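> missing the sequence, but the structure's below:
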């Protein structure tokens, strides 16, 4: 793919647009996200960039998202979506998990993503490094080196700036990570305890990631063993069959429950029995992060059992968020300013092929008239006299053209209706796109 010719500086740039196709934790269960990933990233790039009308591409893959950024001709997104599903070997039914943006919305999303505002835990810093690595890989292999490169450069700078100038990344916490923090406070050494996560959803993934960061082992159970295995392959842990997990509570010290079951999975009788039969147990901690609840409230009355429900944890997290809401507003205000600046820049870039073409056409006329005048005056190229009238011709063109063209650049960068301005200037100069 080396040496790909990108089109931002060509007159056909107006036919190209930014596109973003993505599936994230917001739309897709964590255990399903893995199915959207590209196992062979270079093959995926070659297939995507090999499509007619596709100019640039950056692929971002993390445990919380798979995103494809493209510069391509409009109305090609359905073809790219089909190709994505074909490469990843997933069925067309999975289209319900995919979001598609185009134009300025793509840049806005990328800025928010780099700043941590789209993360599962708002403000987390890991995503910025992941964006950098994805972009650097694409640029190094010449999968992008023009308009997407400019967009990613600005997004990375903006994400860094927001983290440096706001407190967005300080004290960021989720329901899942707060639950792990509370478990650490309850037990002297959490790494020595046997831990079970029931569920494979959003909160469960945050718990798993928090435990993995601490190098703490844990089991994962789901109603289907295949789902538990898919979850574990993405975020860590050891899968365990659902029924077996429910029957082995006597060997577990901490249980995190985050499911959508319409009944109690963790019952009073079951916990009471395992506590009475396990005299060696120093205590047990159970977190019910489900909505509706799937842990019997009466368990809180059992000796040596600490039950914490989602309302209690959410209250702690909300107190943390109140202190950070001002930082989030500040970050979004900074993003609005950056987005306006980037939008102006891309409008100017879009107009530049016309400016170049107009100057080229005018210069051709200048040279034609210069030679015609020189022949009439019997002045030959290379003589001192020819040099004088040639300098005069350049000065006249520069004096006439510079002001309107600079004003055009300024206007195109500050005016939302730049397409209309482009059409007017095109007609004025009788410019034809090649």
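Now that the structure is in, tell me what you want to look at. Keep in mind it's a predicted model, so treat the numbers as computed, not measured.
> where does the stretch 301-434 of the chain dip in pLDDT?
Along the stretch 301-434 of the chain, segments meeting pLDDT under 70 span 323, 348-353, 412-420, 422-423, 426, 430-434.
> mind listing the strands for it?
According to DSSP state E, counting those that start in this stretch, the stretch 301-434 of the chain carries its strands in the segments 305-309.
> what ranges do the helices span in it?
Under the criterion DSSP state H, counting those that start in this stretch, helices of the stretch 301-434 of the chain are mapped to 310-376, 384-414, 418-428.
> list the residues that contact the residue nearest to residue 128 when sequence neighbours are not counted.
Of all residues not flanking residue 128 in the chain, residue 159 sits nearest, at 4.7 Å (Cβ to Cβ, 6 or more residues apart in numbering). No exception for glycine: its C-beta is placed from N, CA and C like everyone else's. By Cβ atoms under 8 Å, 6 or more residues apart in numbering, the contact list for residue 159 reads 111, 114, 115, 116, 128, 131.
> hmm, 7 Å instead?
114, 115, 128 (Cβ atoms under 7 Å, 6 or more residues apart in numbering).
> what about it, is that helix, strand or coil?
Following DSSP: H, G, I helix; E, B strand; the rest coil, residue 159 is assigned to helix.
> so for it, what's the pLDDT?
Residue 159 is assigned a predicted lDDT (pLDDT) of 93.
> how close does it sit to residue 359?
Taking Cβ to Cβ, to the nearest Å as the measure, residue 159 falls 37 Å from residue 359.
> with residue 260 instead?
Distance, residue 260 to residue 359, by Cβ to Cβ: 64 Å.
> with neighbour numbers in mind, choose between the two.
residue 359 (15 against 11; other Cβ atoms under 10 Å).
> checking residue 21 next. Helix, strand or coil?
Three-state assignment for residue 21 (three-state DSSP): strand.
> change the start of the numbering to 33 and stick with it
Noted, 33 is the first residue going forward, which turns the last one into residue 53.
> bridging residues for it?
Bridge pairing for residue 53 (DSSP bridges) gives the partners residue 100, residue 132.
> and if you look at residue 48?
According to DSSP bridges, beta-bridge pairing links residue 48 with residue 105.
> so for it, what's the pLDDT?
On pLDDT, residue 48 comes in at 74.
> for the stretch 83-232 of the chain, just list every one of the helices.
Ranges of helices within the stretch 83-232 of the chain are 109-120, 136-147, 158-172, 179-197, 207-218, based on DSSP H, counting those that start in this stretch.
> now the ones you listed in a markdown table, with distance to residue 257?
Listed next are these as a markdown table, based on distance: least, Cβ to Cβ, whole Å:
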| stretch | distance to residue 257 |
| --- | --- |
| helix 109-120 | 23 |
| helix 136-147 | 33 |
| helix 158-172 | 29 |
| helix 179-197 | 39 |
| helix 207-218 | 22 |
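> hey, least reliable of those by pLDDT?
Of all these, mean pLDDT reaches its minimum on helix 207-218 (a mean of 88).
> what's residue 271 sitting at in phi/psi?
Dihedral angles of residue 271 (phi, psi; degrees, to the nearest 10) stand at phi -70, psi 150.
> residue contacts, it?
Counting by Cβ under 7 Å, 6+ apart, residue 271 touches 252, 257, 260, 261, 264.
> give the closest residue to it in space, chain neighbours not counted.
residue 260 (4.0 Å).
> pull the number of nearby residues for that neighbour.
26.
> could you do residue 193 as well?
Applying other Cβ under 10 Å, I find that residue 193 has 15 neighbouring residues.
> roughly how far does the residue nearest the centre of the chain sit from residue 231?
Among the residues of the chain, residue 145 comes closest to the average C-alpha position under Cα atoms, centre = their mean, at 4.6 Å. Remark: distance between residue 145 and residue 231 (Cβ to Cβ) = 26 Å.
> can you check residue 213 too?
Relative to residue 231, residue 213 is positioned 19 Å away (Cβ to Cβ).
> give me the more crowded residue out of those two.
Using other Cβ under 10 Å as the criterion, residue 213 and residue 231 rank with residue 231 on top: 27 against 15.
> isn't the more buried one up against residue 290?
Yes: the criterion here is Cβ atoms under 7 Å, and residue 231 meets it with residue 290 at 3.9 Å.
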